[in-house]
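A.B. asks: here are the coordinates; sequence isn't available:
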């Protein structure tokens, strides 16, 4: 079974530029998550989708971050404009049925460096 | 709000040593508790979990017991191997809420 795929693995941009990350979850997983992991900290949820609807985006900085999951499968996370403090690893995860079981399947992450 | 506190790393051990990584939590009600592991170059993966007080989660020789009285979920392994070198994250959730992770503890095991 293929795992969660993310791209690009690494991205370096200057502040105020934009960037987009892509995620393809495990086939059949209805729930998709984007987490932000800043160096030395644990992952923090940015947004959770159930199929193509948003379940939780309470911690998403909506003035600069946006995410979509148009057909209930792939998802894109965009940052525009980027700030220095956005330097982090962006993790995509998927699960069969929400977070109640706690079993999320993570991709390898996309590491963003903002200069 | 809910939170998870893990012992600071890195933890450096020799092969076959005993491992303990401490984790305590703050939560209202009765959360479920988890340990996730991230091996070098790989994504986070669930190691073990416990969903109610006194439950013991176990996997790959690792164990953790849900202690409500001390609000703890310490990870233990009796004899670590070089292949256990990784970053370990303690996490919790409650029904309908996001997983909350600790900061992670890096384990390095040498032969």
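C.D. replies: Here it is on my side, so go on. Note that the structure is predicted; figures quoted are calculated from it, not measured.
A.B. asks: drop to CA atoms for contacts and neighbour counts, all remaining ones
C.D. replies: OK.
A.B. asks: please look at residue B:56 and residue B:66 and confirm they touch.
C.D. replies: Yes: the pair residue B:56 / residue B:66 is scored as a contact, 6.3 Å apart, by C-alpha atoms under 8 Å.
A.B. asks: common neighbours of these two, please.
C.D. replies: Shared contacts of residue B:56 and residue B:66, defined by C-alpha atoms under 8 Å, 6 or more residues apart in numbering or on different chains, comprise residue B:50.
A.B. asks: ok, which stretches of chain A are strands?
C.D. replies: A:5-7, A:10-13, A:19-24, A:31-37, A:44-50, A:53-56, A:65-68, A:75-79, A:88-95, A:105-106, A:110-114 (DSSP state E).
A.B. asks: for chain B, which of the ones you listed is the nearest?
C.D. replies: The closest of the strands of chain A to chain B is strand A:105-106. By C-alpha to the nearest C-alpha, the value is 5.3 Å.
A.B. asks: show me what the closest one packs onto, helices and strands only.
C.D. replies: strand A:88-95, strand B:45-50 (3 or more C-alpha pairs under 8 Å, 6 or more residues apart in numbering or on different chains; DSSP states H and E).
A.B. asks: pick the most deeply packed of those.
C.D. replies: Comparing the helices and strands packed on strand A:105-106 on average neighbours per residue, with mean count of other C-alpha atoms under 10 Å in any protein chain shown, the densest one is strand A:88-95 at a mean of 26.
A.B. asks: quick check: mean pLDDT of it?
C.D. replies: Averaging pLDDT along strand A:88-95 gives 95.
A.B. asks: who's in contact with that strand?
C.D. replies: With C-alpha under 8 Å, 6+ apart, strand A:88-95 has contacts from A:4, A:6, A:23, A:25-26, A:29-39, A:43, A:103-113.
A.B. asks: returning to what we had before: got the helices and strands packed on strand A:105-106 as CSV, with distance to residue B:9 columns?
C.D. replies: Shown next, in CSV, are the helices and strands packed on strand A:105-106 (distance: least, C-alpha to C-alpha, whole Å):
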stretch, distance to residue B:9
strand A:88-95, 20
strand B:45-50, 19
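A.B. asks: what's the closest of those to residue B:7?
C.D. replies: strand B:45-50 (17.7 Å; C-alpha to C-alpha).
A.B. asks: near chain A, which residues of chain B are found?
C.D. replies: Residues of chain B that fall close to chain A, judged by C-alpha under 8 Å from any C-alpha of the partner chain: B:32, B:34, B:41-46, B:89, B:93-104.
A.B. asks: now do 7 Å
C.D. replies: When proximity is defined as C-alpha under 7 Å from any C-alpha of the partner chain, chain B approaches chain A at B:42-46, B:94-96, B:98-99, B:101-104.
A.B. asks: please name the bridge partners of residue 32.
C.D. replies: Picked chain A for this. Here residue A:32 sits in beta bridges with residue A:49, residue A:94, as judged by DSSP bridges.
A.B. asks: correction: the question concerned chain B.
C.D. replies: Judged by DSSP bridges, the bridge partners of residue B:32 are residue B:93.
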